[in-house]
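> I'll drop the sequence and a predicted model, then ask my questions.
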Amino acid sequence: MILDAIERASRDELETLQRTRLRETAARRGLDPGAELRDLPFTVKDDLRAAYPLGLITVPHEQLVRIHASSGTGGKATVVGYTRADLDVWTQVMARALAGAGVRAGTRVHNAYGYGLFTGGLGFHQGAERLGATVVPVSGGLTARQATLLRDLRAQALCCTPSYALHIAQAVREAGIEDLALEVGLFGAEPWTEGMRARLQAELGLVALNVYGLSEIVGPGVAAECLEGRDGSHVQEDHFLIEVIDPETGGPVAPGEPGELVFTTLTKEALPLIRYRTGDIGTVTLEPCACGRTTARMGPVQGRRDDMLIVRGVNLYPSQVEHALLTVAGIAPHWQLVVERPEQLDEVTVRCEPAEGGADRAALSERVRVALRERIGVGMAVELLEPGGVPRSEGKAVRVVDRR
Ligand code: DLL
């Protein structure tokens, strides 16, 4: 695997480059180019919403060659724009992410991320094309057809959300297909756990890798796992500067401790963002990686700050439920939480389903209840649905049904 020089640069070299680029970004935003990072103001999603649709774009609008948007829950869409140079950077970081997963010229890439305003489809498409891979631009949906295309076109790489990959795996099973050519999956756009990685690897016969990103910063490709390490996603630090902060105080957390991920773009022209608070909770390490990259690595995103529930005084991220559920033999990896507030306190019901019909349902529910209590430390009601009962997603899974 050939790395770009900057991916294996010394920390000194990298940080010097970051300082130069930070000055340029601050100037583009009309801020003091001489300011230290910690003295620059944060940017939040509401700043983008308040400037809807294109108020934060810093170039004449005729220089935009692409617009994307993310729907966001409830509020207005967040609209983002790219210049030609921005698309080029995005393509480069996605090409690196795919190359790090072993994709090369001629690799057949089945891209089931949604094409359109969502950055997933086109982001993976551009990166794969740049590597000279053969892209199959399937987009999401028509899941039975995804299975036959995987069989007939012999794709080696699968790109989609982890929840949709499971749905595809089920369609593959139902069609009686046994001989897929898949080697690697590039999964992201939603939180997923090690338990989910194990299930995906077993069901699809591939190595499952994480890709992280968000539209505001560029789209997918902000950080990605490598085939050699498979232990945290390499942040593309020549283009994005990462900080981890205490969400309450805004100050830095101790190295390795969880906190809110904050990114500053270093090369974006159309939508440079300074200290953008993602709301995502995660960790960062500078420990060396088996692949030789020297860039910082992000641990898995545990959840979003706004997704945290407080159930009888215990803080709970939905992904902790996945973690606990997938330790229970006989449980399918599909799940959803229903949150209600009958009086003052939140109550959570975990909806899940058996891996197969004919299971001893009472015993299985009991095992789920015990696993949740032991691993999370709080009692939750369990609703065991029939196989196929939990709604399937074609993109990001809806994990929480909020009835409050
Ligand atoms: O989800 C970009 C993307 C597409 C990333 C395809 C990876 C693959 P948005 O729609 O703007 O962009 O949503 C961004 O999704 O702030 C996280 O909360 C979540 N997210 C994205 N990737 C991961 C991941 C795309 N690997 C929001 N693990 C982010 C956990 C993720 N959460």
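Cool, got the structure.

> show me which residues of the stretch 151-300 of the chain sit near the ligand.
With C-beta under 6 Å from any ligand atom as the criterion, the stretch 151-300 of the chain meets the ligand at residues 188-191, 210-215, 219-220, 278, 280. To be clear about C-beta, it is placed using only N, CA and C from the backbone, and glycine gets the same treatment.

> tell me what the helix or strand where Val401 lies is packed against?
Take DSSP states H and E as the rule and Val401 turns out to sit in strand 400-402. Counting contacts by 3 or more C-beta pairs under 8 Å, 6 or more residues apart in numbering; DSSP states H and E, strand 400-402 packs against strand 331-340.

> C-terminal to the strand it packs on, what's the next element?
Going down the chain from strand 331-340, the next helix or strand is strand 347-354, by DSSP H and E.

> what sits up against that following strand?
By C-beta atoms under 8 Å, 6 or more residues apart in numbering, the surrounding residues in contact with strand 347-354 are 309, 311, 316, 321, 325, 330-332, 334-341, 361, 364, 368, 372, 380-390.

> one more time with 7 Å, if that's ok
309, 311, 321, 325, 330-332, 334-340, 364, 368, 372, 380-387, 389-390 (C-beta atoms under 7 Å, 6 or more residues apart in numbering).

> find the nearest non-adjacent residue to the residue in the stretch 151-300 of the chain positioned nearest to the ligand, please.
When scored by C-beta to the nearest ligand atom, the stretch 151-300 of the chain has Gly188 as its residue closest to the ligand, at 3.0 Å. Of all residues not flanking Gly188 in the chain, Val211 sits nearest, at 3.8 Å (C-beta to C-beta, 6 or more residues apart in numbering).

> tell me which residues touch the residue in the stretch 251-400 of the chain that the ligand sits nearest to, please.
Closest approach between the stretch 251-400 of the chain and the ligand, counting by C-beta to the nearest ligand atom: Val301, at 3.6 Å. Neighbouring residues of Val301 by C-beta under 7 Å, 6+ apart: Pro191, Tyr212, Asp280, Ile281, Gly282.

> I'd like the residues you listed as CSV, with secondary structure and pLDDT appended.
What follows is the contacts of Val301, written out as CSV (DSSP: H, G, I helix; E, B strand; the rest coil; pLDDT from 0 to 100):
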residue, secondary structure, pLDDT
Pro191, coil, 96
Tyr212, strand, 98
Asp280, strand, 98
Ile281, strand, 97
Gly282, strand, 97
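
> and those residues, which two are the farthest apart?
The distance between the two most remote of those (C-beta to C-beta) is 12.6 Å, for Tyr212 and Ile281.

> out of these two, which sits in the more crowded spot?
Neighbours of Tyr212 and Ile281, each counted by other C-beta atoms under 10 Å, are more numerous for Tyr212; the result is 25 against 22.

> closest to Ala5 out of the contacts of Val301?
Out of these, the member with the shortest distance to Ala5 (by C-beta to C-beta) is Tyr212, at 23.0 Å.

> can I assume the closest one is in contact with Gly188?
Yes: in this structure, Tyr212 is within contact of Gly188 by C-beta atoms under 7 Å, at 5.6 Å.

> can you give me the helices in the stretch 1-150 of the chain?
Assigned by DSSP state H, counting those that start in this stretch, the helices in the stretch 1-150 of the chain fall at 11-28, 45-50, 84-100, 119-131, 143-153.

> separation between the nearest residue to Asp4 once chain neighbours are set aside and the ligand?
Among residues not flanking Asp4 along the chain, Arg96 sits closest, at 6.6 Å (C-beta to C-beta, 6+ apart). Using C-beta to the nearest ligand atom, to the nearest Å, we find Arg96 at a distance of 14 Å from the ligand.

> and Arg96, how many neighbours?
Residue neighbour count, defined by other C-beta under 10 Å, stands at 24 for Arg96.

> cool, and the one 4 residues further on?
Using other C-beta under 10 Å, the number of residues around Gly100 comes to 24.

> and it, what does it touch?
Applying C-beta under 7 Å, 6+ apart, the residues near Gly100 are Ala224, Cys226, Leu227.

> could you pull up phi and psi at the closest residue to Thr25 other than its chain neighbours?
Counting by C-beta to C-beta, 6+ apart, Pro272 is the residue found nearest to Thr25 once chain neighbours are left out, at 4.7 Å. For Pro272, the backbone dihedrals (degrees, to the nearest 10) come out as phi -70, psi 130.

> in this structure, where is pLDDT below threshold?
1, 72-74 (pLDDT under 70).

> switch to 80 and redo it
Residue ranges of the chain with pLDDT under 80: 1-2, 72-75.

> okay, now the domains of it?
Split into domains by automatic domain parsing, the chain comes to 5-305, 308-402.

> tell me the most buried of those?
Highest mean neighbour count among the domains of the chain (mean count of other C-beta atoms under 10 Å): domain 5-305, with a mean of 19.

> correct me, but Gly395 touches Ser163?
No: Gly395 lies out of contact with Ser163 (C-beta under 7 Å); the separation is 8.3 Å.

> mind checking the SS state of Gly388?
Put simply, Gly388 is coil when judged by DSSP: H, G, I helix; E, B strand; the rest coil.

> same deal with the one 10 residues further on?
Taking three-state DSSP as the rule, one finds Val398 in the coil state.

> ok, back up a step: distance check, the residue nearest to Asp4 against Arg8.
Taking C-beta to C-beta, to the nearest Å as the measure, Arg96 falls 12 Å from Arg8.

> looks like Leu158 contacts Leu180 (just checking).
No: the criterion here is C-beta under 7 Å, and Leu158 misses it with Leu180 at 8.9 Å.

> got any residues that touch both of these two?
Residues touching both Leu158 and Leu180 by C-beta under 7 Å, 6+ apart: Leu204.

> wait, what's in contact with Gly229?
Contacts here follow C-beta under 7 Å, 6+ apart; on that basis Gly229 touches Cys289, Ala290, Cys291.

> switch to 8 Å and redo it
Applying C-beta under 8 Å, 6+ apart to Gly229 gives the contacts Cys289, Ala290, Cys291, Arg297.
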